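Enquirer: Provided below for reference: sequence and predicted model.
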Amino acid sequence: MVPDQKPLIYLNNAATSWPKPPRVLAAIAQSLSLPVFGSGRTTGTQGDDYLTLARDRLSMFLGGAPPEHLVFTHNATDSLNILISGFLAGKKEECHVLTTALDHNSVLRPLHEYEQQCRIRLDIIPFRDCSVSPDAVQASLKPDTCLVVMTHGSNVLGSVQDIRAIGEILHDHGIYFIVDGAQTAGHIPVDLKDLPVDAFVITGHKGLLGVPGIGGFFLRDPETIAPIRFGGTGTDSFSLLHPRGMPERFEIGTHNYPGLAALAAGVEFLNETGLATIMEKAEKQTLFLIRELKKEENIMIYDEHPDLPIIAFNIKGVQNDDVGFVLARGFNIIARTGLHCAPLLHKAIDGGEGCVRISPSWFTTDEECRLAADAIREIARNADSTVGQA
Amino acid sequence: MRILRSVRHKVCADGSFMKEFLLDSPVSAEFFRYLGTFGHVESLHRVGEGFYKFEKPDWFSIKGFAGDTTVEVRFKKEVMDLTVDFVYSLFSSFREGNVDLSSLKQREQAIGERVRKRLYGT
């Protein structure tokens, strides 16, 4: 096989979106073409203020949340660590924490670390029909539940959770609510002014069309999260205590200016294209792919009605990893296989074996979807041969 | 057939260590049938030129397409130091037609004992 002769079809956008809009690449180049402008860190006035540009543009995109309440980090995992650790730093006694079986290791691992340290008691809320219901959350609450951390959109099943209803229940009980929006920001409307969440986590390199290395979170009340990292901010430099104002409270060291430039350009692209238009195309392509895969009886699709452009499947008789290998080497189609950093979810849907995930983006063409569906079906139709055994 | 060099490597999600090897000639269906003497081979032989996977549990797996000059080898990390040379031997010993496997079988047995002892203490 010489897959180089076939055009590359990239269907791993739920991991990192690709390609990027040309303006994103141009913005990165532009950001590095002049000395960086960082307030308090240079006498130069060359270059754009990418930090302010990205903060303003992203906060508007996320429903007009106060820009200073939007904190930039390295990625979603970094954000979740800051939020979880910062929240628990303010707790003197052990408390009860909830998350869900849909969640990513970016949530599960920090919480399990604190459980190991006897700082929290952790319960996992199971999902049903690809979702965690508000009733299931309500039923899992204990008198000392202090925190719920959960995903907004499953990175495997593509199901969006009803965080509004869940957030209302939690706030009625005075429980802090952190939502991981890594898979939803840039894919569906998110109105942070309106949603009953205390913190909402984003990453720049997926639906927001930026590049790896930039992420962030929205924080409604800064006093609820203690800063856990300290250092230079370029502000209030005579004080040996770290500034407590926003966003310096959580932003330390020199920023990722090319990442911020890319993120600002990515959000600009989303604004100009329109989320409604993007969602319409994503839904059409997702439905097409699911319809095509369902034509083969030995293809198991784990969510036939995803809310996001994410399709998880297995082919009976072929390991998911082998399907990924054949797609990549035989057809030049890039997917993702394995556990997708969501071990509890996979334990529930496939016994922990993992699956194949394909995830188109705005830049995926209908023809690419057709070719991908044909390739997967071809593998499925040939999934029963054995040539030898020792 | 010879392994020229390793062109890529990574630690996989299942904890195995993957190396992609560049070969001096393409692998064939016959090569994978020959590997079947030492383990289990599965194929999707009607997909493209044919996808093949050789598995030697507790040692390594080898995946590739017939006609390709690269293969992916996944080692069980805990015993990789014991088994990696055997991968090179499997490739260098392969000839089209009849191959004398007696010396390879002897090595397989000797390494197998060390692998079992390391993994299971027996």
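Expert: Arrived safely.

Enquirer: Can you name every helix or strand that the helix or strand containing residue A:171 contacts?
Expert: For residue A:171, the element it lies in under DSSP states H and E is helix A:163-172. With contacts defined as 3 or more Cβ pairs under 8 Å, 6 or more residues apart in numbering or on different chains; DSSP states H and E, the packing partners of helix A:163-172 are helix A:134-140, strand A:145-151, strand A:176-180. C-beta here means a position set from N, CA and C on the backbone, and glycine is covered the same way.

Enquirer: to the chain's geometric centre, what's the distance from that helix?
Expert: On the basis of Cα atoms, centre = their mean, to the nearest Å, helix A:163-172 sits 21 Å off its chain's mean C-alpha point.

Enquirer: Which positions within the longest helix seen in chain A qualify as buried?
Expert: Looking only at chain A and at elements set by DSSP state H, the helix with the highest residue count is helix A:275-293. For helix A:275-293, burial by neighbour count (16 or more other Cβ atoms under 10 Å in any protein chain shown) applies to A:275, A:278-279, A:281-282, A:285-286, A:289-290, A:292-293.

Enquirer: mind pulling up the phi and psi values for the residue of chain B found nearest chain A?
Expert: Going by Cβ to the nearest Cβ, chain A is nearest to residue B:36 of chain B, at 3.4 Å. Backbone dihedrals for residue B:36, given as degrees, to the nearest 10, come out at phi -60, psi -20.

Enquirer: ok, now how distant is it from residue B:102?
Expert: Note on residue B:36: its distance to residue B:102, by Cβ to Cβ, to the nearest Å, is 17 Å.

Enquirer: Residue A:121 now?
Expert: Remark: distance between residue A:121 and residue B:102 (Cβ to Cβ) = 61 Å.

Enquirer: okay, these two: which has more neighbours?
Expert: residue A:121 (15 against 8; other Cβ atoms under 10 Å in any protein chain shown).

Enquirer: What confidence value was assigned to residue A:2?
Expert: The model reports residue A:2 with a pLDDT of 47.

Enquirer: now the one 10 residues further on
Expert: With respect to pLDDT, residue A:12 scores 98.

Enquirer: got it, and the one 4 residues further on?
Expert: Each residue has a pLDDT score; the one for residue A:16 is 98.

Enquirer: Check for me that residue A:115 belongs to a strand.
Expert: No. Counting by DSSP: H, G, I helix; E, B strand; the rest coil, residue A:115 is not found in a strand; it is helix.

Enquirer: Need the three-state assignment for the nearest residue to it once chain neighbours are set aside.
Expert: The spatial neighbour of residue A:115 that comes closest, neighbours along the chain excluded (Cβ to Cβ, 6 or more residues apart in numbering or on different chains), is residue A:122 at 4.4 Å. Three states are possible here, and by three-state DSSP the one that applies to residue A:122 is strand.

Enquirer: wait, isn't residue A:191 in contact with residue A:61?
Expert: No. Residue A:191 is beyond contact range of residue A:61, at 10.2 Å (criterion: Cβ atoms under 8 Å).

Enquirer: Looking at the two, which is more packed in?
Expert: residue A:61 (22 against 11).

Enquirer: thought that one was touching residue A:274?
Expert: No. Assessed by Cβ under 8 Å, residue A:61 is found out of contact with residue A:274, at 11.8 Å.

Enquirer: picking up where we left off before, right, and the residue of chain B closest to chain A touches residue B:54 too?
Expert: Yes. Because the distance of 7.2 Å satisfies Cβ under 8 Å, residue B:36 is recorded as touching residue B:54.

Enquirer: who in the stretch 201-350 of chain A is up against chain B?
Expert: Counting by Cβ under 8 Å from any Cβ of the partner chain, the stretch 201-350 of chain A comes close to chain B at A:318, A:322, A:325-326, A:329-331, A:338-339.

Enquirer: Who wins on neighbours among these?
Expert: Once you tally neighbours by other Cβ under 10 Å, residue A:326 ends up highest among those, having 26 neighbours.

Enquirer: got a list of what the closest residue to that one other than its chain neighbours touches?
Expert: Nearest residue to residue A:326, sequence neighbours excluded (Cβ to Cβ, 6+ apart): residue B:51, at 5.0 Å. Contacts here follow Cβ atoms under 8 Å, 6 or more residues apart in numbering or on different chains; on that basis residue B:51 touches A:322, A:325-326, A:329-330, B:43-45, B:63-65.
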